[in-house]
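Trainee: Okay, sequence plus prediction incoming.
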Amino acid sequence: MEKFNVFASRLIPKEDYVCSGHRACQGCAEVLAMRLVHKAFGRNTIAASATGCMEIISSPFPETAWNIPWIHVAFENSASVCSGIESAYKALMRKGKYPKRKINFVAYGGDGASADIGFQFISGAMERGHNMTYVTYDNEAYMNTGIQRSSSTPFGAATTTSPAGKVVPGQPTQKKNMTEIMVAHKIPYVATINPSYPFDLLRKVKKAAETDGPAYLHAYSVCPTGWGSRPEVGIQLGRLAVETGVFPLYEVENGKYTIQEKPEEFRALRDYLKLQRRFKHMTDDMIASVEKNIKADYELLLKKEQMTKEGD
């Protein structure tokens, strides 16, 4: 245990740039992910925040939970604002009006701000090649405004705008795969992260920070309020999401796929679903359909990893 503590102290920075005293709900794994992400990015960081839960809980006037320069912008345009900041600093450094040094430019938003409202702005920033990182904190619905469905809401999940009724039993569409969409932009670094796997998360954020060009991180973010889960099971749910194949942990570095956690056999999906009230209405047929899709998606991911290894 002592050796582990020494190792952990070297890997995990002591400083917090998202401080305690914020107003997140009990058991919110989204703010845990954000705290770990900014531990890894460190002091020399400028963050642009879309409207959403993480903006609301961290900036109640006249207080702030941030210990770095932080800019709140509209729901849709944190990527655009961040790319503008990056360009401005690049110009100032080129003209000798600001000392040349490494600065981490980070934009973020929830799944609504990222997969829906701000999608075109993120795509534009990635396509233009800005030296910045975009982080999606994915809690699978518009939680801050009343738990409405987003294009990141998984099939079958009940929300206030996709209620579990007799005709339409919850979300009728499949979850948008933002990670693979970002891979299609052919940017240098794309990865999924999960606060239930903190060392993996920290390593990937460090890689994103060191990337010369755009990087994208997709963070699994348990929301007890919106998911109907108990506050104390957030870390367990994060583990189950990986163990059931719901949220694979992988990275794509210059087109090369690497999967970090490979269960020899997936755990039963019911182990994950039963801890969340939003899925309590799902029938055996619905669960079987979801499991089939999970296995198909994971097999495709394995093939991509194998193909990129063979191409080395």
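Mentor: Received it, and whenever you're ready, just let me know what you need. The structure presented is a predicted model; accordingly, all values stated were derived computationally and were not measured.
Trainee: contacting residues around stretch 122-133?
Mentor: Here stretch 122-133 makes contact (Cβ atoms under 8 Å, 6 or more residues apart in numbering) with 41, 79-80, 82-83, 86-87, 90, 104-107, 114, 134, 181-182, 185, 187, 208-209, 211-217. C-beta: built from backbone N, CA, C; applies to glycine.
Trainee: Revised request: answer the last question for stretch 151-161.
Mentor: In contact with stretch 151-161 (Cβ under 8 Å, 6+ apart) are residues 111-112, 114-116, 138, 140-141, 146-149, 162, 164, 169-176, 178, 226, 246, 277-279, 281-282, 286, 289-290, 293.
Trainee: on that earlier part again, inside helices: which ones of the contacts of stretch 122-133?
Mentor: Those of these mapping onto helices are 41, 79, 80, 82, 83, 86, 87, 90, 181, 182, 208, 209, per DSSP state H.
Trainee: Adding pLDDT, write those out as a markdown table.
Mentor: Output for the ones in helices among the contacts of stretch 122-133, formatted as a markdown table (pLDDT from 0 to 100):
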| residue | pLDDT |
| --- | --- |
| 41 | 97 |
| 79 | 98 |
| 80 | 98 |
| 82 | 98 |
| 83 | 98 |
| 86 | 98 |
| 87 | 98 |
| 90 | 97 |
| 181 | 98 |
| 182 | 98 |
| 208 | 98 |
| 209 | 98 |
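Trainee: could I get the residues you listed as JSON lines with distance to residue 270 and neighbour count?
Mentor: Below are these laid out as JSON lines (distance: Cβ to Cβ, whole Å; neighbours: other Cβ atoms under 10 Å):
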{"residue": "41", "distance to residue 270": "37", "neighbour count": "23"}
{"residue": "79", "distance to residue 270": "37", "neighbour count": "29"}
{"residue": "80", "distance to residue 270": "42", "neighbour count": "20"}
{"residue": "82", "distance to residue 270": "40", "neighbour count": "27"}
{"residue": "83", "distance to residue 270": "43", "neighbour count": "26"}
{"residue": "86", "distance to residue 270": "45", "neighbour count": "22"}
{"residue": "87", "distance to residue 270": "49", "neighbour count": "15"}
{"residue": "90", "distance to residue 270": "51", "neighbour count": "16"}
{"residue": "181", "distance to residue 270": "29", "neighbour count": "16"}
{"residue": "182", "distance to residue 270": "31", "neighbour count": "24"}
{"residue": "208", "distance to residue 270": "34", "neighbour count": "27"}
{"residue": "209", "distance to residue 270": "38", "neighbour count": "20"}
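Trainee: Could you work out the most separated pair of these?
Mentor: 90 and 181 (26.2 Å; Cβ to Cβ).
Trainee: Show me which of the contacts of stretch 151-161 are buried.
Mentor: For the contacts of stretch 151-161, a burial check counting by 16 or more other Cβ atoms under 10 Å picks out 111-112, 114-116, 138, 140-141, 147-149, 162, 164, 169-171, 175-176, 178, 226, 246, 278-279, 281-282, 286, 290.
Trainee: What about residue 252? Give its phi and psi, please.
Mentor: When read as degrees, to the nearest 10, the backbone of residue 252 gives phi -130, psi 110.
Trainee: Kindly apply the preceding question to residue 293 instead.
Mentor: Dihedral angles (degrees, to the nearest 10) for residue 293: phi -70, psi -40.
Trainee: ok, the closest residue to residue 206 other than its chain neighbours to residue 299 distance?
Mentor: Closest residue to residue 206 apart from its sequence neighbours, by Cβ to Cβ, 6 or more residues apart in numbering: residue 40 at 5.4 Å. In this view, residue 40 and residue 299 are 31 Å apart by Cβ to Cβ, to the nearest Å.
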